[in-house]
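Trainee: What follows is a predicted protein model with its sequence.
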Amino acid sequence: MASMWQRIFGGGRKTVAPRAQPRATAMPAPAPAPRIAAAVRPTMPRTQIEDRFQRFVLDLPDADIDGPTTSEQATLKRLELLSTRFDMRSLPRLPSVLPQLLRTLKSEDAAGGQLAKLVGRDPLMVGEVMRVTSSVYYRSAQPITSLQQAVVLLGQDGLRQVLTQHVMKPILQANAGALGHAAGVRLWDHAERCAHACAWLGKNSGCDSFEAYLAGIICRTGTGAVVRLLDQLIADVSVPLSPGFLDSCARLAGRLSLQAAQHWELPARVIEAMADGQDPASPPTTALGKALSAADLLAMAQLLAEHDRVAADLDLSQGDGDPFAPALLTRCQQDLRRHFTQAKTTG
């Protein structure tokens, strides 16, 4: 029986060898995605930004000469002579109470009543404080009925900014003559941006925020004085002036700014920071001097970009010998752009 089954079914179960599997064909590795190059932001040396800023302030055409020319050298000699005779007392006065008020504001414990008493000694300050606190930005549910109430509403930071703007804006805009009004407006626009950037950078380098703000506001005060002197010396302002001539004017303006700060007896660290930046060949060494130098550059570029004089995305983070990290400068630049471009759009 067993043999019959074997004959019928082939003599038992055969072991079937496994079928060879076809060799897998190696798939080609996916091609790497094309690398997207990071957008390269345009750059510009500081000297070129400063030249464009000077021309913007004075409403001057570009020039393709280096200079100073012979005639410009003669003008510079006269300008230097006039500057030595420049009477700082001709600048708009600082309120006599301002130094004491600034010292009081440095104390976090200063009471509203104490501050209001000091502000109340200057009628112009009183008017400015009341005007600002009556604006839409500060308007409260209850009407402001006293100076102390207005001072408390502003807070110390708000009062500091009101005082510096109340003091410095008339000074920067009080330039007489054909060049004066437009230059004064543009200098104030720069001062606001420089003060904002200097306070921002100063906060990140251990500076007193109010001193940094004040240094930014005042750093180009002397430019207004130079504008007034140039208006006396140059009959035709449409004649191209060389970059060398304008650079010499800027150096003179820096010295006059320092003299003005000393004349007004501003805080010692503010004066020190301004003196620290007098020599363009030597970078600043003090913390506030470094912040002021960087803020001045950022403010010039921001204002020029708002008026389409330089690219809006200009990269200012790679300056030679810059004490601030590139990322920090870029963040400050973005903060300036956000703050002032929006303010311009909504203003």
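Mentor: Done, it's in.

Trainee: what stretches of the stretch 101-250 of the chain score poorly on pLDDT?
Mentor: Filtered on pLDDT under 70, the stretch 101-250 of the chain yields the residue ranges 108, 136, 140-141, 174-180, 235-238.

Trainee: where along it do the helices fall?
Mentor: 112-119, 123-133, 147-173, 180-203, 209-218, 221-233, 243-263 (DSSP state H, counting those that start in this stretch).

Trainee: Buried residues, the fourth one. List them.
Mentor: Going back to what we said before, that points to helix 180-203. 180, 183-184, 186-202 (16 or more other Cβ atoms under 10 Å). The C-beta positions use only the backbone N, C-alpha and C, and glycine is treated the same way.

Trainee: try the second one
Mentor: Residues of helix 123-133 classed as buried by neighbour count (16+ other Cβ under 10 Å): M125, E128, V129, M130, V132, T133.

Trainee: again with the fifth one
Mentor: Applying a neighbour-count criterion of 16+ other Cβ under 10 Å, one finds F210, E211, A212, Y213, L214, A215, G216, I217, I218 buried in helix 209-218.

Trainee: what about R337, how many residues close to it?
Mentor: Using other Cβ atoms under 10 Å, R337 has 17 neighbouring residues.

Trainee: With adjacent residues omitted, what lies nearest to it?
Mentor: Q302 (6.5 Å; Cβ to Cβ, 6 or more residues apart in numbering).

Trainee: Assign the one you found to helix, strand or coil.
Mentor: helix (DSSP: H, G, I helix; E, B strand; the rest coil).

Trainee: neighbours around the closest residue to V167 other than its chain neighbours, how many?
Mentor: Closest residue in space to V167, ignoring its immediate chain neighbours: L94 at 5.9 Å, by Cβ to Cβ, 6+ apart. Counted with other Cβ under 10 Å, residues neighbouring L94 total 17.

Trainee: Wait, L94 touches T164, no?
Mentor: No. With contacts counted by Cβ atoms under 8 Å, L94 stays clear of T164, the gap being 10.8 Å.

Trainee: ok, back up a step: out of the buried residues of helix 209-218, who's nearest L81?
Mentor: Each of the buried residues of helix 209-218 was scored against L81 by Cβ to Cβ, and I218 proved nearest at 24.9 Å.

Trainee: for the closest one, what are its contacts?
Mentor: Residues near I218 by Cβ atoms under 8 Å, 6 or more residues apart in numbering: M168, A191, S257, A260, A261, L266, V270, M274.

Trainee: These into JSON lines, with extra columns for distance to A74?
Mentor: What follows is these, written out as JSON lines (distance: Cβ to Cβ, whole Å):
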{"residue": "M168", "distance to A74": "33"}
{"residue": "A191", "distance to A74": "31"}
{"residue": "S257", "distance to A74": "25"}
{"residue": "A260", "distance to A74": "26"}
{"residue": "A261", "distance to A74": "30"}
{"residue": "L266", "distance to A74": "35"}
{"residue": "V270", "distance to A74": "35"}
{"residue": "M274", "distance to A74": "29"}
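
Trainee: What confidence value was assigned to P28?
Mentor: For P28, the pLDDT comes out at 60.

Trainee: Also the one 3 residues further on?
Mentor: Each residue has a pLDDT score; the one for A31 is 62.

Trainee: Can you give me the domain assignment for the chain?
Mentor: As assigned by automatic domain parsing, the chain contains the domains 46-91+174-346, 93-156.

Trainee: and the ones you listed, which is most packed in?
Mentor: domain 46-91+174-346 (a mean of 18; mean count of other Cβ atoms under 10 Å).

Trainee: so how far is it from its chain's centroid?
Mentor: 10 Å (Cα atoms, centre = their mean, to the nearest Å).

Trainee: Check the buried residues of helix 123-133 and tell me the two furthest apart.
Mentor: For those, and using Cβ to Cβ, no pair is farther apart than M125 and T133, which are 12.5 Å apart.
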